[in-house]
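> How does the following fold in three dimensions:
(one chain, ligands or ions: 2)
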Amino acid sequence: MSETGLTTTSSLSWPSGLPKNDITSNDSSVITEKNTSNKPSGQLSNGLLGWYAICTTKDLKEDKLHFFSMYNEPLVLYRDKDKRVRCIKNLCPHRGASFQGGGIKDGEIVCPYHGGRFSAEGNCTNLDRITCQHIIDSNYNNYAKRIHLYQYPCIEKDGYLYIYYGGKAKTDLSEIEIKSSLDNTLPESYGFKPSDYAYEEVCVDFKCDWARIIENHLDILHIFWIHGDTIPDKDVNREVITSFHQNITRDGRHIESKYNHKEKEKGEFITIKFIPPGRICIYKGTPETARYIQVLDHIPLAKNRSRVIVRHYRKFMKNKLITKLILFRQLQQRIFYKIFCEDYLVLKTQTFNEQMGYIQKDNVKLLGEDKMIQYYWDWFNNSLNNERPWDLHPTNADTNKVHLDMPMAYPPENKTLMHKNNRSITLNLIARLLVPIGLLALFL
Ligand code: FES
Ligand SMILES: [Fe+2]
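Residues are numbered from 1 along each chain as shown. Ligands and ions are numbered 1, 2, ... in the order given. Have a look, this model is predicted:
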């Protein structure tokens with residue numbers, strides 16, 4: 001028996017893969033394969049390059065630049081004059097400065113170096129400034145045709161900003177070949193309507209391997225141990241040993257693992273879906289009826305730099321006034337931060353072990369109930385070999401690290417936001433106590 005009581009039936013090698021014909025059924029796990037794509041059975045059609053949720057609507061402030069990166073490539077988001085989101089390569093096409101230190105003027109991005117301004121389409125709108133036309137008269141018509149921002153396709157939906165990351169930004173978005181539909185990434189394609197729910201969300205940055213964080217979020221085993229004292233569910237704690245039936249499905253678009261309590265009357269525990277390249281949905285109950293759904297988005301900023309956007313959708317506590325009064329959002333966020341902090345040390349040290357080459361086939365053994373993780377690594381290694389996203393913008397030991405640390409804005413790496421949230425809870429509690437005391441004092 002493992003610590004959660006999941007019956008161990010086999011040891012799997014890691015990470016190179018479970019042979020495809022070794023997919024077996026046993027009394028604790030059943031694997032079924034549905035093929036809805038042109039790929040061979042069980043293979044996911046999306047790879048590492050594709051649609052990523054990279055920011056929340058709330059986090060892209062108007063007239064502000066939002067810096068981030070994808071697979072080492074520095075990028076910036078902003079809203080153009082029509083409030084549409086633009087994702088551009090963080091490189092001014094005049095002399096190659098970054099837009100760090102620049103700004104937005106009337107919906108146009110402004111370079112900090114010579115003041116070059118660019119329209120939503122990426123054209124320079126004040127050539128006279130950057131060409132010194134105001135000093136030296138010359139013919140710059142040709143130059144105007146060549147200077148242009150580089151962009152990625154970007155869509156805003158349900159409070160998320162999605163980009164199609166293909167590794168090569170273009171001056172003309174119509175030249176980008178989009179190989180997968182955004183619909184395959186959207187939560188509503190997986191059985192639930194976001195509009196039926198209220199939600200809380202946070203962003204969290206980690207200095208560790210992106211793929212390891214996804215592995216962590218697919219792993220239910222660790223929840224009982226490392227998060228056992230934090231998760232507000234009496235059935236999830238260190239002392240409880242719970243048994244589940246596990247059912248894994250792969251259908252070309254996602255991998256799904258369903259955990260049902262062995263005691264029939266208790267029904268389903270959770271369902272986890274991995275939707276490549278970077279999304280995980282965790283349902284408490286079936287997708288159509290779940291009262292509570294967690295959506296986790298994973299963003300590969302750079303080597304050892306990763307961001308997670310976590311959003312908790314709920315069908316309960318939907319009254320805005322009550323949730324505000326009882327500080328529901330802040331209290332939820334406090335739990336998120338605590339859970340991420342609990343994982344962080346493990347993720348950093350596990351990343352190190354992997355990079356040292358210690359996590360090899362013969363050194364570690366997956367359990368039977370880790371099959372979902374095995375399938376994830378199979379997909380990951382396959383995509384890594386085919387698409388090689390880390391080779392598109394390679395860095396080396398001499399590379400200036402300026403873009404690595406700058407986007408690290410969220411805890412747990414930077415704990416300021418967590419402390420700010422705790423402070424806000426304390427101040428709000430004091431305010432809520434002072435109001436009735438003050439009123440009482442007035443009447444006495
Ligand atoms: S480098 Fe940007 S305007 Fe010159
Ligand atoms: Fe965790």
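> only C-alpha atoms for contact and neighbour calcs from this point on.
Fine.
> I'd assumed Leu440 was in a helix, is it?
Yes. Counting by DSSP: H, G, I helix; E, B strand; the rest coil, Leu440 is found in a helix.
> how many other residues sit next to it?
By other CA atoms under 10 Å, 10 other residues sit near Leu440.
> who's in contact with it?
Counting by CA atoms under 8 Å, 6 or more residues apart in numbering, Leu440 touches no other residue.
> go again using 10 Å as the cut-off
By CA atoms under 10 Å, 6 or more residues apart in numbering, Leu440 lies in contact with Leu434.
> what about the helices in the stretch 301-444 of the chain?
Secondary structure of the stretch 301-444 of the chain, counting by DSSP state H, counting those that start in this stretch: helices at 320-325, 328-355, 371-387, 402-405, 416-443.
> now, of those helices, which is deepest in the fold?
Ranked by mean neighbour count, the helices of the stretch 301-444 of the chain are led by helix 371-387 with a mean of 19 (mean count of other CA atoms under 10 Å).
> Assign a three-state SS to the nearest residue to Arg307 once chain neighbours are set aside, would you?
Nearest residue to Arg307, sequence neighbours excluded (CA to CA, 6 or more residues apart in numbering): Asp205, at 4.4 Å. Three-state assignment for Asp205 (three-state DSSP): strand.
> and the gap between Asp205 and Lys170?
Asp205 sits 28 Å away from Lys170, taking CA to CA, to the nearest Å as the criterion.
> in the sheet, who's paired with the residue nearest to Arg307?
Arg307, Pro412 (DSSP bridges).
> Return the residues of the stretch 51-200 of the chain in contact with ligand 1.
Within the stretch 51-200 of the chain, the positions lying close to ligand 1 (CA under 6 Å from any ligand atom) are 92, 94-97, 111, 113-116, 130.
> what about Lys58, how many residues close to it?
By other CA under 10 Å, the residues close to Lys58 number 11.
> Now the nearest residue to Leu44 once chain neighbours are set aside: phi and psi?
In space, and not counting its chain neighbours, Leu44 is closest to Gly252: 4.2 Å by CA to CA, 6+ apart. Main-chain dihedrals, Gly252, degrees, to the nearest 10: phi 90, psi -30.
> Gln43 versus Gly252, what's the distance?
6 Å.
> Need the pLDDT of the single nearest residue of the stretch 251-400 of the chain relative to ligand 1.
Closest contact between the stretch 251-400 of the chain and ligand 1, by CA to the nearest ligand atom, is at Asn400 (18.2 Å). At Asn400, the model reports a pLDDT of 88.
> Can you give me the domain boundaries for this structure?
Under the assignment automatic domain parsing, the domains of the chain span 11-49+179-429, 52-175.
> still on that earlier bit, the residue nearest to Leu44 touches Asn46, doesn't it?
Yes. At 8.2 Å, Gly252 counts as touching Asn46 under the criterion of CA atoms under 10 Å.
> okay, and the common contacts of the two?
Common neighbours of Gly252 and Asn46, using CA under 10 Å, 6+ apart, are Ile275.
> which other residues reach stretch 91-99?
In contact with stretch 91-99 (CA under 10 Å, 6+ apart) are residues 65, 67, 74-76, 89-90, 100, 109-114, 116-118, 122-124, 130-131, 143, 146-150, 403.
> Going through those residues, which ones are buried?
The neighbour count (16 or more other CA atoms under 10 Å) marks 65, 67, 74-76, 89-90, 100, 109-114, 116-118, 122-124, 130-131, 147-150, 403 as buried among the contacts of stretch 91-99.
> Filter those down to the ones in helices?
130, 403 (DSSP state H).
> Among the buried ones among the contacts of stretch 91-99, which ones are in strands?
Using DSSP state E, 67, 74-76, 89, 109-110, 117-118 are the members of those that sit in strands.
> and these as CSV, adding pLDDT?
Below are these laid out as CSV (pLDDT from 0 to 100):
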residue, pLDDT
Phe67, 95
Pro74, 95
Leu75, 97
Val76, 97
Lys89, 97
Ile109, 97
Val110, 96
Arg117, 94
Phe118, 95
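> In those, find the pair that's most separated.
Greatest spatial distance in those: Pro74 and Arg117, 18.9 Å, computed using CA to CA.
> And the domains of the chain, which one averages the lowest pLDDT?
Ranked on mean pLDDT, the bottom entry among those is domain 11-49+179-429, at a mean of 84.
> Which residues are in contact with the closest residue in space to Asp106 that isn't next to it in sequence?
In this structure, Asp106 finds its nearest non-sequential neighbour in Lys81, 6.2 Å apart by CA to CA, 6+ apart. Taking CA under 10 Å, 6+ apart, we find Lys81 in contact with 63, 104-108, 119-120.
> Please identify which helix or strand holds Lys81.
Per DSSP states H and E: Lys81 is located in neither a helix nor a strand.
> tally of neighbours for Glu239?
Glu239 is flanked by 13 other residues according to other CA under 10 Å.
> element containing it?
Using DSSP H and E, Glu239 is not contained in any helix or strand.
> Which phi and psi values does it adopt?
According to degrees, to the nearest 10, Glu239 has phi -80, psi -20.
> Roughly how far does it sit from Glu263?
Distance, Glu239 to Glu263, by CA to CA: 18 Å.
> Please apply the same query to Glu354.
Distance, Glu354 to Glu263, by CA to CA: 38 Å.
> And Asp205 and Lys170? Which one has more around it.
Taking neighbours as other CA under 10 Å, Asp205 and Lys170 compare with Asp205 leading, 23 against 17.
> My guess is the more buried one contacts Pro411. True?
Yes. The pair Asp205 and Pro411 passes the contact test of CA under 10 Å, sitting 5.8 Å apart.
> any common contacting residues for the two?
Shared contacts of Asp205 and Pro411 (CA under 10 Å, 6+ apart): 307, 340.
> tell me which residues in stretch 169-188 are buried?
Neighbour-count burial for stretch 169-188, counted by 16+ other CA under 10 Å, picks out 169-171, 176, 182, 184-187.
> Between its first and last residues, how far does that stretch reach?
Stretch 169-188 has an end-to-end distance of 28 Å (criterion: CA to CA).
> Next, report how far it is displaced from the centre of its chain.
17 Å (CA atoms, centre = their mean, to the nearest Å).
> repeat for stretch 244-261
The chain centre lies 21 Å from the centre of stretch 244-261; the measure is CA atoms, centre = their mean.
> From the opening residue of it to its closing one, how far?
End-to-end for stretch 244-261, by CA to CA: 5 Å.
> One more: stretch 177-189?
End-to-end distance of stretch 177-189 (CA to CA): 22 Å.
> Please name the residues that touch the nearest residue to Ile275 once chain neighbours are set aside.
In this structure, Ile275 finds its nearest non-sequential neighbour in His254, 4.8 Å apart by CA to CA, 6+ apart. The contact partners of His254, by CA under 10 Å, 6+ apart, come to 42-46, 184-185, 190, 273-277, 279-280, 376.
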